[in-house]
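Undergrad: Prediction below, plus the sequence it came from.
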Amino acid sequence: MSKNDPSSIAERALVAARKSLTSRFAGAALAFVSGSIMRGAGTLASDIDLVVVFPRLERAWRESFVEDEFPVEAFVHDRQTLAYFFEQDVKNGRPIMAHTVATGRIIGADGNLARVIQTEAAAILARGPTPLAGAGYDRMRYLVSDLADDLRGDRPAAEIRAIATHLYQQLADLMLLGRGAWTGNGKWAPRLLGQLDVGLAEAFDRAFEQAFAGNSAPLLTLTDAELARHGGHYFAGYRQDAPLEARLVG
């Protein structure tokens with residue numbers, strides 16, 4: 001088997017993860033090894049996502065390092081800090097930590113506890129995101145509407161590309177969360193759209209491809225159609241209050 005074969009890379013990454021757990025995180029109860037490498041879709045340039053769980057910590061942290069030539073992103077927690085980030089991810093509609101744990105390979109001494117935590121993470125993923133409502137929903141609709149307005153009319157291709165870049169994540173969030181599906185940042189947005197609806201994902205990709213080439217019309221059509229699912233264009237009447245503590249007292 002070639003050392004560049006995905007299964008070979010995954011096994012070597014697992015060895016590197018175990019080495020990291022022993023040498024860098026002495027006293028940890030367990031860890032979850034995740035990422036594209038462990039799914040068999042990684043390359044030698046892919047990193048390892050490592051969620052380390054201690055019995056008790058003063059605070060959680062993350063750190064990056066290289067182990068046996070593998071880039072490692074370590075997220076270090078105890079049960080309480082991990083539960084906090086699970087909850088924050090649900091509020092944001094992006095179950096990053098829950099997905100990392102639920103899909104990870106278990107290493108470390110406390111396999112029973114690891115399986116309990118993994119079951120909790122899987123249950124979070126299965127429940128899906130909180131339905132869109134309230135101020136967060138209003139802000140999402142407003143941002144998409146405002147960016148769409150920026151695309152209207154004649155604009156230089158460079159400005160269209162700049163606006164489309166900002167709109168990409170906002171529109172993906174509205175499409176996914178508005179259909180009761182989890183959303184994700186960066187590369188996860190098109191992946192999750194494809195999992196949800198292949199036709200919608202293809203239309204999304206084509207519209208942005210045209211926008212990045214300087215033609216905003218297909219993207220405006222797609223955006224207006226999506227806004228129509230949520231009550232239409234939303235600009236007039238939007239309000240966002242600053243925090244009460246947002247002042248400097250001289």
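TA: Ah, there it is.
Undergrad: Need the single longest helix in this structure, by residues.
TA: Longest helix in the chain by number of residues (criterion: DSSP state H): helix 157-177.
Undergrad: quick one: buried residues of it?
TA: Using 16 or more other CB atoms under 10 Å as the test for burial, helix 157-177 gives 160-161, 163-164, 167-168, 170-177. Just so you know, the C-beta spots here come from the backbone N, C-alpha and C atoms, and that holds for glycine as well.
Undergrad: pLDDT added to the residues you listed, as TSV?
TA: Converted to TSV, the buried residues of helix 157-177 look like this (pLDDT from 0 to 100):
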residue	pLDDT
160	97
161	97
163	98
164	98
167	98
168	98
170	98
171	98
172	98
173	98
174	98
175	98
176	98
177	98
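Undergrad: neighbours around the residue nearest to residue 221 when sequence neighbours are not counted, how many?
TA: Of all residues not flanking residue 221 in the chain, residue 207 sits nearest, at 7.5 Å (CB to CB, 6 or more residues apart in numbering). Residue 207: 23 surrounding residues under other CB atoms under 10 Å.
Undergrad: and residue 207, that one's in a helix?
TA: Yes: assessed with DSSP: H, G, I helix; E, B strand; the rest coil, residue 207 lies in a helix.
Undergrad: Which helix or which strand is home to the most centrally placed residue in the chain?
TA: In the chain, the centroid-proximal residue (CA atoms, centre = their mean) is residue 184; its distance is 3.3 Å. Assessed by DSSP states H and E, residue 184 sits outside every helix and strand.
Undergrad: Same check on residue 76?
TA: Counting by DSSP H and E, residue 76 is part of strand 70-77.
Undergrad: what pLDDT, on average, does the very next helix or strand once past that strand get?
TA: Elements were assigned by DSSP H and E; along the chain past strand 70-77, the next helix or strand is helix 79-92. Averaged across helix 79-92, pLDDT comes to 96.
Undergrad: Now do the buried residues in whichever helix or strand comes after helix 79-92.
TA: For helix 79-92, the following helix or strand on the C-terminal side (DSSP H and E) is helix 96-102. For helix 96-102, burial by neighbour count (16+ other CB under 10 Å) applies to 96, 97, 98, 99, 100, 101, 102.
Undergrad: Let me know the closest of the buried residues of helix 157-177 to residue 250.
TA: residue 170 (36.4 Å; CB to CB).
Undergrad: Contact partners for the closest one?
TA: 140, 143, 144, 147 (CB atoms under 8 Å, 6 or more residues apart in numbering).
Undergrad: What of residue 220?
TA: Per CB under 8 Å, 6+ apart, neighbours of residue 220: 148, 151, 152.
Undergrad: quick one: it and residue 144, what's the gap?
TA: Separation of residue 220 from residue 144 (CB to CB, to the nearest Å) stands at 11 Å.
Undergrad: hang on, the earlier thing: export the buried residues of helix 157-177 to JSON lines and tack on distance to residue 88?
TA: Listed next are these as JSON lines, based on distance: CB to CB, whole Å:
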{"residue": "160", "distance to residue 88": "34"}
{"residue": "161", "distance to residue 88": "32"}
{"residue": "163", "distance to residue 88": "29"}
{"residue": "164", "distance to residue 88": "29"}
{"residue": "167", "distance to residue 88": "25"}
{"residue": "168", "distance to residue 88": "23"}
{"residue": "170", "distance to residue 88": "20"}
{"residue": "171", "distance to residue 88": "23"}
{"residue": "172", "distance to residue 88": "20"}
{"residue": "173", "distance to residue 88": "16"}
{"residue": "174", "distance to residue 88": "20"}
{"residue": "175", "distance to residue 88": "22"}
{"residue": "176", "distance to residue 88": "18"}
{"residue": "177", "distance to residue 88": "15"}
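Undergrad: per-residue confidence at the residue nearest to residue 221?
TA: So residue 207 comes in at 98 (pLDDT).
Undergrad: what does the one 4 residues further on give?
TA: In the prediction, the pLDDT value recorded for residue 211 is 98.
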